[in-house]
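Participant: this is a predicted model, with the sequence first.
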Amino acid sequence: MKASKLLKIIRENLKDYPIDYLKNKVTDERYKDPLTKKLAKYNSGVYDEIYEIEITDDFEVKDNVIKKMRSDIGFYFDRYGGGDDENKRFTEYISLYLALIAKRPLHPYSEDKKDDVYYFDGDYYCKGRMKYIHDEKSLCRYCVCKTVGFSGLF
């Protein structure tokens, strides 16, 4: 499937998502966890980008990778999501966009090497990848992040 077609599918499936709720988490004092706020900011920014971007150099995305990734996200939500279908669909389409079209990390990142996911010298790195890549149906397999070597953890 062409990336432009996948983007159209993503847009169609996200159009009714209550994005204002997610955007409000960033400033809502009821959400104390900084990670929740960081993730809300990252994902709502990605959501906006999905509707702003135009693919000029279209490319092929393997159908079997899309199918496998969707299945793996489904597995994760069936196991840990408690039947939250709305967030499952949101996560699915945001993740497909990030991994297969934007080619950016599935998690928020910075340019600070002290953070768990960071950008340095043209590449993305994840300190948790080494641990989580081996989990059953891990989404790390689709993420563009490189593994941080042992010395990079300190």
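Facilitator: Yep, that arrived. Numbering: from 1, shown residues only.
Participant: helix, strand or coil for the residue nearest to residue 53 when sequence neighbours are not counted?
Facilitator: For residue 53, ignoring the flanking residues on the chain, the nearest one in space by C-beta to C-beta, 6 or more residues apart in numbering is residue 7 at 7.3 Å. Where you see a C-beta, it was placed from the backbone N, CA and C, and this is true even at glycine. Three-state call for residue 7 (DSSP: H, G, I helix; E, B strand; the rest coil): helix.
Participant: quick check: residue 7 touching residue 55?
Facilitator: Yes - between residue 7 and residue 55 there is a contact at 6.1 Å, judged by C-beta atoms under 8 Å.
Participant: so what sits against both of these two?
Facilitator: Common contacts of residue 7 and residue 55, defined by C-beta atoms under 8 Å, 6 or more residues apart in numbering, comprise residue 101.
Participant: what about the two, which has more around it?
Facilitator: A direct count of neighbours by other C-beta atoms under 10 Å for residue 7 and residue 55 places residue 7 higher, at 22 against 14.
Participant: who are the neighbours in contact with that one?
Facilitator: 50, 53, 55, 97, 101.
Participant: please report phi then psi for the third one.
Facilitator: With angles defined as degrees, to the nearest 10, residue 55 shows backbone torsions of phi -80, psi 120.
Participant: so which strand or helix has the spatially closest residue to it that is not a sequence neighbour?
Facilitator: The spatial neighbour of residue 55 that comes closest, neighbours along the chain excluded (C-beta to C-beta, 6+ apart), is residue 4 at 4.7 Å. Taking DSSP states H and E as the definition, residue 4 sits inside helix 3-14.
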